[in-house]
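Asks: got a predicted model here, sequence first, then my questions.
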Amino acid sequence: MRAVFRTFTLIIAAVLSGQFAQAGLFDQSYFFSYIFKSFQNNAVYRQEKPFELPETLPEPAQLADSIAQHMDPQAFLCGASTSEHQCSKQCTPEICSWSRFAKQHALPQPTDEQYPMDWWKYYRSYIDYAKDTLKLNAIRFSIEWAVVQPNGPRFWNQQALDHYANLFIYALKKGVTPLVCFHHYTDPCWFLDMGGFEKDQNVKYFASYCKKVYQEIMKAVQKDNDAVDALKEMLPRQPLWATFNAPEGYAFRGYHQKQGPPADMRRSGLKTVAQVLKNTLEGHVQVYHVLKKVHGDMHLADKHIQVPMVGFLKNIHQIDPEQKTWLQRGAKPITRLMTYVADMIQNGSIYRFFTEGEFRVNIPFCASIKHSNRRAIGALDFIGLNYYSNRHMYMTKQIEPRDPELCTDNRMY
């Protein structure tokens, strides 16, 4: 029966291919070659392997001791992560897109009194705890663009830039490798209000912001001999610079699911998702080459400071057809087709951009975007993987899990 359904779907695809080609609506050869390859590759990576967690988890310090016994701290990064918006009191609705969105939708915010954590104010204590108690040797933190540039692209908050430089240097001297993330789902309000990453011409503002932050941090490092010595002692580990946390998640959440800013019907749809994703990736490429150039212009090699390692962080979601009812099982071929469309946007388009220099998304009657940039090829020193649980779909809708064994505390993950 499975083979019959698969054949049926491929027949539908072949018939539609001819009809769409006659209409001249999109590049059908790319769309269906992607679908066919996905059918062929499906069995390779769609293998569910459940595992049992112990009922009682060890205490953090106990877990840290166990990890420390099985890793080389000079070669392996074992750390924790945070984001400025989620863990400090600096993001307000007047400057930050996510805080404004939360206020408009009556959502809780980190600035609320019930949340005592304040990464901005107490980062030294948190880094000390990470190093001394949890035995971690790395920390990922984000730079809040809205705090660095609260009032537009021409204004810089020097106090914020100095703060991030001090944070970076404190981590170095503590022997904790920084992983700096320039963008973690949040934008300055002014940037989103002028079209954000929907518009090609706005990408330069993001590149300018990343360049300025890197320059200010490295200026401070250059002037601090102890920080330079800490960098040398840390080798072969070195700081990592991530342009985005999950650019595809940012695009889908704000412009398709409307569960984050801008959450505007007039600025939503798969075509907009693809456009935003294309421009975030283009922003990454610009920043990648800019930071490498700044390293040379600042003569950082004279201080034995290594060329920056630049990458981004990517969400990994498995998306499969729901098959609990007979209707869902009967619709599996069409649902599977929809999962491949999602895979094309959030996976295939990204991998192709950085291996072939071409970003392509072709969805019948919906979106046709093709963008080329040869400088994108290999413009990735690393990819950080955010691995999450399975998602299931019925036709074009996401199915919320009801089984308590499968549910997580956050329905998004």
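Replies: Cool, the structure landed.
Asks: going forward, measure contacts and count neighbours with C-alpha atoms only.
Replies: Will do.
Asks: what's the burial count for residue 392?
Replies: When neighbours are defined as other Cα atoms under 10 Å, residue 392 has 19 of them.
Asks: oh, I was asking about residue 330
Replies: For residue 330, using other Cα under 10 Å, the count is 12.
Asks: from residue 324, how far off is it?
Replies: Residue 330 sits 10 Å away from residue 324, going by Cα to Cα, to the nearest Å.
Asks: cool, residue 337 as well?
Replies: Distance from residue 337 to residue 324, counting by Cα to Cα: 18 Å.
Asks: what does residue 239 give?
Replies: Residue 239 is 46 Å from residue 324, by Cα to Cα.
Asks: which one of the two has more residues nearby?
Replies: residue 239 (22 against 8).
Asks: pretty sure the more buried one sits against residue 181.
Replies: No - taking Cα atoms under 8 Å as the contact criterion, residue 239 and residue 181 are not neighbours in contact, 11.0 Å apart.
Asks: in the chain, which spans are strands?
Replies: Taking DSSP state E to define them, one finds strands in the chain at 79-81, 138-142, 177-181, 240-245, 309-316, 319-321, 358-363, 367-372, 383-387, 391-394, 397-399.
Asks: check which helices and strands the fourth one is in contact with.
Replies: Right, strand 240-245. Packed against strand 240-245 by the contact rule (3 or more Cα pairs under 8 Å, 6 or more residues apart in numbering; DSSP states H and E) you find strand 177-181, helix 270-297, strand 309-316.
Asks: now do the last one
Replies: Contact partners of strand 397-399 among helices and strands, from 3+ Cα pairs under 8 Å, 6+ apart: strand 391-394.
Asks: show me where pLDDT drops low in the stretch 51-200 of the chain?
Replies: 51-53 (pLDDT under 70).
Asks: in a markdown table, list the strands of the chain along with distance to residue 273.
Replies: Supplementary listing: the strands of the chain in a markdown table, determined by distance: least, Cα to Cα, whole Å:
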| stretch | distance to residue 273 |
| --- | --- |
| strand 79-81 | 26 |
| strand 138-142 | 23 |
| strand 177-181 | 22 |
| strand 240-245 | 16 |
| strand 309-316 | 15 |
| strand 319-321 | 18 |
| strand 358-363 | 10 |
| strand 367-372 | 9 |
| strand 383-387 | 20 |
| strand 391-394 | 19 |
| strand 397-399 | 17 |
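Asks: out of those, nearest to residue 226?
Replies: strand 177-181 (14.7 Å; Cα to Cα).
Asks: OK, contacts around the residue nearest to residue 385 when sequence neighbours are not counted?
Replies: Spatial nearest neighbour of residue 385, chain neighbours left out: residue 314 (5.1 Å); criterion: Cα to Cα, 6 or more residues apart in numbering. The neighbours of residue 314, taking Cα atoms under 8 Å, 6 or more residues apart in numbering as the test, are 245, 246, 247, 248, 383, 384, 385, 386.
Asks: just the helices in the stretch 101-250 of the chain please.
Replies: Across the stretch 101-250 of the chain, reading from the start of the chain, the helices by DSSP state H, counting those that start in this stretch fall at 119-132, 145-148, 158-173, 189-193, 203-223, 225-234, 247-255.
Asks: so which of those helices is nearest residue 98?
Replies: Between residue 98 and the helices of the stretch 101-250 of the chain, the shortest separation by Cα to Cα is 8.6 Å, and it involves helix 189-193.
Asks: which residues touch the closest one?
Replies: Contacts made with helix 189-193 from outside it, assessed by Cα under 8 Å, 6+ apart, are listed as 94, 95, 96, 97, 146, 150, 151, 152, 202, 262.
Asks: now stretch 151-158
Replies: With Cα under 8 Å, 6+ apart as the contact definition, stretch 151-158 has outside contacts at 95, 147, 148, 149, 150, 190, 191, 205.
Asks: ok, stretch 324-331 next?
Replies: 321, 322, 323, 394, 395.
Asks: for that stretch, which residues meet the burial criterion?
Replies: Going by neighbour count (16 or more other Cα atoms under 10 Å), the buried part of stretch 324-331 is 328, 331.
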